[in-house]
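Student: coordinates only, no sequence provided:
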C-alpha cells in the first residue's frame, strides 16, 4: 500500500500559523539620523483630492453609471473639493464619455482641477489627453510601479529601463499639451502628477532618482508644481515606517518649492488614517482618498475621518460635512455599499451609548455645558465625557446619543425623561423608573425607544389627560377639594400647594378607608426661558400593605400640578 505524501494544503489550518516567520518577514525600517516629524504638529489642512470617482468607483462590484457619477461629482463640489479625480479615460468608453460629459456641459467650476489617470503607454496617454480637451484645469496622473517586486516579476525591467519609460511618458505629456501649439490645448492649465506606484516597497533612493528624472522632463515651476504621489498601494508596515520614508523623500528631493508631495494610502492593515496623519507631519502637502474609505480591497484612506479629526482639533479642514446624514445617504445610494454602524463620525451608532455609566457621564456633561452657555451667552469649549465632537456640528440630533436597552442605567433614562417632559426626576423617582424600564427591557429583549419611555412614564406616574387637557379626577370632585383649590387661587406659596396636597390625600383616605403617608414631595419650575412656565410636582405616597408610589403633575397652576401628582 502506497501512502500519498502529505502536501502543505493537506495540513490542518491551525498548523500553518504556528510559525509565521517561515512565510512572512518583518518590513525593513529606515534608520534616519535626523528624524524630525515626531516633534511636529498638524496646523493646517492639506490639499485634498477625492478619488471616489476613479479609485473608489473601480473597486465597486457594480461601478456607477454616468448619471450616478455625475450626481457624486456634484456632491463633491458641494462639500468643497477643489481637486477631483474623475476617471481613467482609457480604461473604457464609459469612462471616456463621462469625462467628455463633464467638460461639454460645463459642469466643472473654474476653480476646480479635474484629474485623469493613465498608465505609461503612449496610445493610452493620447486617449487620456483627448478626453479632457477643452477643460480649464487638468491634472494628468501618470503612474508606474517602481518597486523591485513589480519591476522584476511583472514588468521584467531594469531600474534604468523603468526611469527611461517614465521620462518618455512625461515628455510625451508635455509635447501633447503645453508644448503642442494647439490653441485649445494651450488654453488649459496643465499639471502633472507622477505616482511611483508601490512607493512603500520602493527604496527611497530609487524613488528619488525616478522622480528627479520625471521632474526634469516636465519642468515644473513654483507657481505650477509637479505632484509626486507617494503611495502605500498595499499597506505593509506600521505608519511610522511609512512616515520615515516620506520624510526622507521630502528632505532629499531637489527644488522642493516646485514639488507638491501627495499621499495615497490604502488600509490593508487598518492604519491608513494614522499613516496619512503621520506622513503629513513628515512633510506631505496633499492627500488623496475616498469618502468613508471606499476603494480597492480594504479601501483608501477615509477623507471624512481625516477632515473631522482636524475639525476636532480646532482646524477647519476646508471641507463641509455639516450634514453627515446626507453624505451617508448619498454614498450608500450611489455605491450600493452600506456604511458600517461604527464608522468614525458618520456611523449610525457613532455617537450612541447604551451603557449606564457612559450615559450618566454624558448627561452630567450636557448639564454642565448648558449651564456654562447660559451663564456666558457664548459658545464654550467642547469638553464632554465620551463624545470627542458635538454631534450637532454634523447635524446629528442629541436625542440619538443615548439609546436604552437592558444594559442602560438611570442616567440614560433620566436623559430621555428630561428631553420628553423637560423635567429632572428626583433621585427616588429616578431609581424607581429605571427599575421599571430595565424590567421592561429585560422582558422584551428589545431597544426601548423614546415613545415607549414616554408611554411607560405617563401610565405609571401621571393621571390620564382629557381632550381639554385637564386631569380627570371625578372621584375628587367634592366640597373639601374644591374649597382648597378656590382658596389657593392667586397664591403661589408653598403652603398653598401643600394644603391642596394634604386635603386631596385626606379625601383619598376617606374614599379607601386607609391611612396614606406623604413620604416625599418636590417642586420644579420649568420653561422659564420661553416666558411660559409650568410647575412640575413630584409626590411619593405610601399606605399600609402597599409599596410606595410616585405621582407626577405638570401644570401652569402649581396647585393643579399638586392635585395631578397625588397618584394612588
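Tutor: The structure has been received and is ready for your questions. All figures in this text were calculated on a predicted structure; none of them were measured in a lab. Numbers count the residues shown, from 1 in each chain.
Student: so which strand or helix has residue 25?
Tutor: Using DSSP states H and E, residue 25 sits within no helix or strand.
Student: for stretch 200-215, the averaged confidence score.
Tutor: Here stretch 200-215 scores 97 as its mean pLDDT.
Student: hmm, who's touching it?
Tutor: The contact list for stretch 200-215 (C-beta atoms under 8 Å, 6 or more residues apart in numbering) reads 30, 142, 144, 146-150, 159, 162-163, 166-167, 170, 192, 194, 196, 199, 226, 228, 230-237, 242, 245, 248-249, 252-255, 258-259. Glycine gets a C-beta too; all of them are placed from N, C-alpha and C.
Student: mind redoing it with 7 Å?
Tutor: Here stretch 200-215 makes contact (C-beta atoms under 7 Å, 6 or more residues apart in numbering) with 146-147, 149, 159, 162-163, 166-167, 170, 194, 196, 199, 226, 228, 231-233, 236-237, 242, 245, 248-249, 252-254.
Student: of these, buried ones?
Tutor: 146-147, 162-163, 166-167, 170, 194, 196, 199, 226, 228, 231-233, 237, 242, 245, 248-249, 253 (16 or more other C-beta atoms under 10 Å).
Student: narrow these to those in helices?
Tutor: In this view, the buried ones among the contacts of stretch 200-215 that belong to helices under DSSP state H are 162, 163, 166, 167, 170, 242, 245, 248, 249.
Student: please pull out the lowest mean pLDDT helix or strand from the protein.
Tutor: Least confident helix or strand of the chain, by mean pLDDT, DSSP states H and E, is helix 479-488 with a mean of 56.
Student: quick check: next helix or strand after that one?
Tutor: Under the assignment DSSP H and E, the closest C-terminal helix or strand after helix 479-488 is helix 494-512.
Student: how far off centre is that next one?
Tutor: Helix 494-512 has its C-alpha centroid displaced from the chain centroid by 55 Å (C-alpha atoms, centre = their mean, to the nearest Å).
Student: got the buried residues for it?
Tutor: Buried-residue list, helix 494-512, by 16+ other C-beta under 10 Å: 496, 497, 499, 500, 501, 503, 504, 505, 507, 508.
Student: want to try CSV for the residues you listed, with distance to residue 116 and pLDDT as columns?
Tutor: As requested, those are exported to CSV (distance: C-beta to C-beta, whole Å; pLDDT from 0 to 100):
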residue, distance to residue 116, pLDDT
496, 79, 68
497, 76, 71
499, 83, 76
500, 79, 76
501, 78, 80
503, 84, 79
504, 80, 80
505, 82, 84
507, 84, 79
508, 82, 80
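Student: which one of the residues you listed sits closest to residue 118?
Tutor: residue 497 (80.9 Å; C-beta to C-beta).
Student: and the helices in the stretch 151-300 of the chain?
Tutor: 159-176, 183-186, 204-218, 239-252, 272-281 (DSSP state H, counting those that start in this stretch).
Student: who touches the residue nearest in space to the middle of the chain in this structure?
Tutor: Centroid-nearest residue in the chain: residue 345, 2.1 Å away (criterion: C-alpha atoms, centre = their mean). Contact analysis of residue 345 by C-beta under 7 Å, 6+ apart lists 304, 305, 308, 324, 389, 394.
Student: scan those residues and report the most crowded one.
Tutor: Comparing the contacts of residue 345 by number of neighbours (other C-beta atoms under 10 Å), residue 304 comes first, having 26 neighbours.
Student: which residues sit against the helix or strand hosting that one?
Tutor: Taking DSSP H and E as the definition, residue 304 sits inside helix 303-311. If you take C-beta under 7 Å, 6+ apart as the criterion, helix 303-311 is touched by 42, 45, 48, 50, 273, 276, 287, 289-292, 317, 319, 321, 344-346, 389.
Student: distance between that helix and the chain's centre?
Tutor: 8 Å.
Student: kindly report the same for stretch 300-316.
Tutor: 9 Å.
Student: what of stretch 69-84?
Tutor: 18 Å.
Student: now stretch 249-259
Tutor: The answer for stretch 249-259 is 34 Å, by C-alpha atoms, centre = their mean.
Student: likewise for stretch 48-59?
Tutor: Worked out by C-alpha atoms, centre = their mean, stretch 48-59 lies 18 Å from the chain centre.
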